[in-house]
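In: missing the sequence, but the structure's below:
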């Protein structure tokens, strides 16, 4: 039987950490969901370890595609619409949800939490290739945050590339950083998972192209200007 794992909570900071120790991912807003796959069936647990029965059909469909003995994935449940995730549609259950994964913690009887993040992400990319699960790629460039700000997106999450996935008994992990900023009177939480399972306004498109990370498995959409000499693309509503 799979162990129940506490999701790692990010530490709130003001500035984007820099250095070779860090990697950066575009934030996708939705519901943080840990996916447990066992004996051909799946289930999502929330950040507080509550069963998310509303998404049982999605969890079971993913479990059938993964073709593994067992697995535990960490990621975000989202509804992808034109221009990015649609929080209201997700909250009101108006459109089918999708799952975007950014970590794998257990695979085929092996506990992967002691492995460095970059190795876990490599295993995750291979695992979800060709399935309905989106894969969040990363960037080595902290200026990803600058592009996100100029494009009026919500933000990024910074993670230590060599750290294991171990949650502290108390407090938040220093290996995952979230940045809170204010712009135009709006407060944005830049995190890898939601601090509360609720919806706030503003869409967050998925950045593609120009050595910036994206969610693999989604079609590319319109090109958007993000400053001189820069181009990024945002995810469209259809899957590739």
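Out: Cool, the structure landed. Everything numeric here is computed off the predicted structure, so don't read it as measured data.
In: report the buried residues of the helix or strand hosting residue 89.
Out: Take DSSP states H and E as the rule and residue 89 turns out to sit in helix 87-91. By neighbour count on 16 or more other C-beta atoms under 10 Å, the buried set for helix 87-91 is 87, 89-90. C-beta coordinates here come from the backbone N, C-alpha and C atoms, glycine included.
In: same thing with stretch 44-64?
Out: Those would be 44-47, 52, 55, 58-59, 62-63, for stretch 44-64 by 16+ other C-beta under 10 Å.
In: report the two of those residues separated the most.
Out: 47 and 63 (20.7 Å; C-beta to C-beta).
In: pLDDT weak spots in this structure?
Out: The chain contains residues with pLDDT under 70 at 81-86, 151-154, 167-174, 178-240.
In: all helices of this protein, in order?
Out: 56-66, 87-91, 117-128, 144-150 (DSSP state H).
In: against which helices or strands is the longest one packed?
Out: In other words, helix 117-128. strand 70-78, strand 98-107, strand 134-136 (3 or more C-beta pairs under 8 Å, 6 or more residues apart in numbering; DSSP states H and E).
In: quick revisit: between the buried residues of stretch 44-64, which is closest to residue 104?
Out: residue 62 (12.6 Å).
In: I'd like the helices and strands packed on helix 117-128 written out as TSV, with mean neighbour count and distance to residue 9 added.
Out: Shown next, in TSV, are the helices and strands packed on helix 117-128 (neighbours: other C-beta atoms under 10 Å; distance: least, C-beta to C-beta, whole Å):
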stretch	mean neighbour count	distance to residue 9
strand 70-78	24	12
strand 98-107	24	13
strand 134-136	24	18
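In: rebuild those strands as a markdown table, extending it with distance to residue 158.
Out: Below are the helices and strands packed on helix 117-128 laid out as a markdown table (distance: least, C-beta to C-beta, whole Å):
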| stretch | distance to residue 158 |
| --- | --- |
| strand 70-78 | 16 |
| strand 98-107 | 12 |
| strand 134-136 | 13 |
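In: residue 25 is nearest to which of those?
Out: With respect to residue 25, and counting by C-beta to C-beta, the nearest of the helices and strands packed on helix 117-128 is strand 134-136 at 5.2 Å.
In: show me what the closest one is packed up against.
Out: Strand 134-136 packs on strand 98-107, helix 117-128, strand 215-216, going by 3+ C-beta pairs under 8 Å, 6+ apart.
In: parallel or antiparallel, list what pairs with that strand.
Out: strand 98-107 (parallel), strand 215-216 (antiparallel) (DSSP bridges).
In: closest to residue 123 out of the helices and strands packed on helix 117-128?
Out: Closest among those, using C-beta to C-beta: strand 98-107, at 5.5 Å.
In: quick one, that closest one and helix 56-66 angle?
Out: Strand 98-107 and helix 56-66 are oriented at 60 degrees to each other (axes from the mean of the first three to the mean of the last three C-alpha atoms, to 10 degrees).
In: could you check the angle strand 70-78 makes with strand 98-107?
Out: Using the same axes, to 10 degrees: strand 98-107 against strand 70-78 is 150 degrees.
In: ok, residue 33 touching residue 44?
Out: Yes - the criterion here is C-beta atoms under 8 Å, and residue 33 meets it with residue 44 at 4.2 Å.
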